[in-house]
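[1] have a look; sequence and predicted model below, questions after that.
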Amino acid sequence: MIIELNEAKDWLRVDTENDDARISSLMAAAEQYLTNATGKTFDSTNELARLFCLTLLTDWYDNTGLSGEPSQQMRPIIQSMLLQLTYCEDEVT
């Protein structure tokens with residue numbers, strides 16, 4: 001995993017366990033989105049990959065109605081990060 005549940009909850013400022021399953025699902029989806037978009041696999045040592053997953057997680061968590069795509073507001077940021085991650089050399093082999 002690129003990010004852990006406790007880190008995601010800290011990032012989202014969630015103190016209860018009520019949303020753990022939802023947050024875990026969104027974390028896995030964000031990581032899969034990153035892999036599908038770049039064709040690469042990253043781990044927790046890549047800070048940009050970590051930030052990407054946390055950013056996408058936050059967007060999806062805050063905008064529950066989204067269907068697996070970043071919101072219009074976040075789309076340029078997500079696209080920029082994906083471009084950088086696509087061409088970086090720091091992937092898990």
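    Alright, I've got the coordinates. Numbers count the residues shown, from 1 in each chain.
[2] contacts, neighbours, all on C-alpha from now
    Noted.
[3] name the SS class of the nearest residue to M74 once chain neighbours are set aside, please.
    Setting aside the residues directly before and after it, M74 is nearest to D59 in space (C-alpha to C-alpha, 6 or more residues apart in numbering), at 7.3 Å. Put simply, D59 is helix when judged by DSSP: H, G, I helix; E, B strand; the rest coil.
[4] just give the closest residue to the spatially most central residue of the chain, not the sequence neighbours.
    Geometric centre of the chain, nearest residue: C53, 1.7 Å, by C-alpha atoms, centre = their mean. In space, and not counting its chain neighbours, C53 is closest to A30: 5.3 Å by C-alpha to C-alpha, 6+ apart.
[5] pLDDT at the one you found, what is it?
    pLDDT for A30: 93.
[6] double-check it against D59; I have them as touching.
    No. Using C-alpha atoms under 8 Å, A30 and D59 do not qualify as a contacting pair, with a distance of 10.2 Å.
[7] so which of those two has more stuff around it?
    Counted by other C-alpha atoms under 10 Å, A30 and D59 do not tie: A30 has more neighbours, with 23 against 18.
[8] distance check, that one against T58.
    The gap separating A30 from T58 is 10 Å, by C-alpha to C-alpha, to the nearest Å.
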